[in-house]
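> Below is the structure, and that's it, no one-letter string:
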């Protein structure tokens, strides 16, 4: 089945130790999003790619970076995780020009020790 | 003021009850509207899109009032399996399709 896959599902890192989360999709969607969701809060958009064009939200910390080497893959790099970065990180995709529905991966839950 | 605001909840209802959730949005240029369902510690999943004419999918009915910038979701004959958090989502309609999520309303259906 076509889907959005995130690895790992659970990630534990130490304070200040860089970590990379990955997302892949078989939907061939040209837009990919990264969201951060903390407990009992709405998913918060960090950035998105429209094809290869990277778009950062104004309030996304510099600590967060992203890479999209091809249509299928997108990575979220956290350069120096702080305790406040512990959250669920959700990847989503959408086909521009199609329905506005976003398809979410299962998320990666990040713990920072 | 948040761009998308929902009833804070939580809603605790017995099986078979009818429950309604409300959502307001502040950006009048918003183009498309959705309700997503999110189970505990899982990803959001699309429940239904919301159209100006109103739309129904089984026990679920969604309404949109553009003049009042208001969206609603009605669940009839609640089931235990309806227990989840319901997220109101508003899309600005740009090519990027960026969406703004409400904080969600938690529903617990009890036997």
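Received the coordinates, thanks. Since the model is a prediction, treat every value here as computed from it, not as a measurement. Numbering: from 1, shown residues only, chains lettered A, B, ... in the order given.
> near chain A, which residues of chain B show up?
Residues of chain B found near chain A (CB under 8 Å from any CB of the partner chain) are B:4, B:31-32, B:34, B:41-46, B:49, B:87, B:91, B:93, B:95-104. Quick note: C-beta positions are derived from backbone N, CA and C, even for glycine.
> Select only the buried ones of those residues in ChimeraX?
Listed next is the ChimeraX selection for buried residues among the residues of chain B next to chain A, using 16 or more other CB atoms under 10 Å in any protein chain shown:
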select /B:4,32,34,43,44,46,49,87,91,96,97,98,99,100,101,102,103,104
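> Show me what the helix or strand bottoming out on mean pLDDT in chain A is packed against.
The weakest-scoring helix or strand in chain A, judged by mean pLDDT, DSSP states H and E, is strand A:53-56 (a mean of 90). If you count contacts as 3 or more CB pairs under 8 Å, 6 or more residues apart in numbering or on different chains; DSSP states H and E, strand A:53-56 packs onto strand A:44-50.
> which residues sit against the strand it packs on?
If you take CB atoms under 8 Å, 6 or more residues apart in numbering or on different chains as the criterion, strand A:44-50 is touched by A:30-38, A:54-57, A:60, A:64, A:66, A:68, A:74, A:76, A:96, B:95-96, B:98-100.
> Next one: residue A:39 from residue B:44, what distance?
Note on residue A:39: its distance to residue B:44, by CB to CB, to the nearest Å, is 15 Å.
> quick check: mean pLDDT across the helix or strand harbouring residue B:20?
Element membership for residue B:20, per DSSP states H and E: strand B:19-25. For strand B:19-25, mean pLDDT rounds to 95.
> circling back: off-centre distance for the least confident helix or strand of chain A?
13 Å (CA atoms, centre = their mean, to the nearest Å).
> Quickly run through the sheet partners of it, with directions.
strand A:44-50 (antiparallel) (DSSP bridges).
> in the partner strand, what counts as buried?
By neighbour count on 16+ other CB under 10 Å, the buried set for strand A:44-50 is A:44-50.
> just stretch B:104-111 next, same as before
For stretch B:104-111, a neighbour-count test (16+ other CB under 10 Å) marks B:104-107, B:109 as buried.
> Could you single out the nearest of those residues to chain A?
Minimum distance to chain A across the buried residues of stretch B:104-111 is 6.5 Å, recorded for residue B:104 (CB to the nearest CB).
> Am I right that the closest one is in contact with residue B:6?
Yes - assessed by CB atoms under 8 Å, residue B:104 is found in contact with residue B:6 at 6.5 Å.
> Show me whatever sits in contact with both of the two.
B:86-88.
> Throw the residues you listed into JSON lines and include pLDDT, thanks.
Listed next are the shared contacts of residue B:104 and residue B:6 as JSON lines, based on pLDDT from 0 to 100:
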{"residue": "B:86", "pLDDT": "96"}
{"residue": "B:87", "pLDDT": "96"}
{"residue": "B:88", "pLDDT": "95"}
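> So which of those sit within strands?
Those of the shared contacts of residue B:104 and residue B:6 mapping onto strands are B:86-88, per DSSP state E.
> Please determine how far the residue nearest to residue A:31 when sequence neighbours are not counted is located from residue B:58.
With CB to CB, 6 or more residues apart in numbering or on different chains as the criterion, residue A:31 has its nearest non-adjacent residue at 4.4 Å, and that residue is residue A:94. According to CB to CB, residue A:94 stands 25 Å off from residue B:58.
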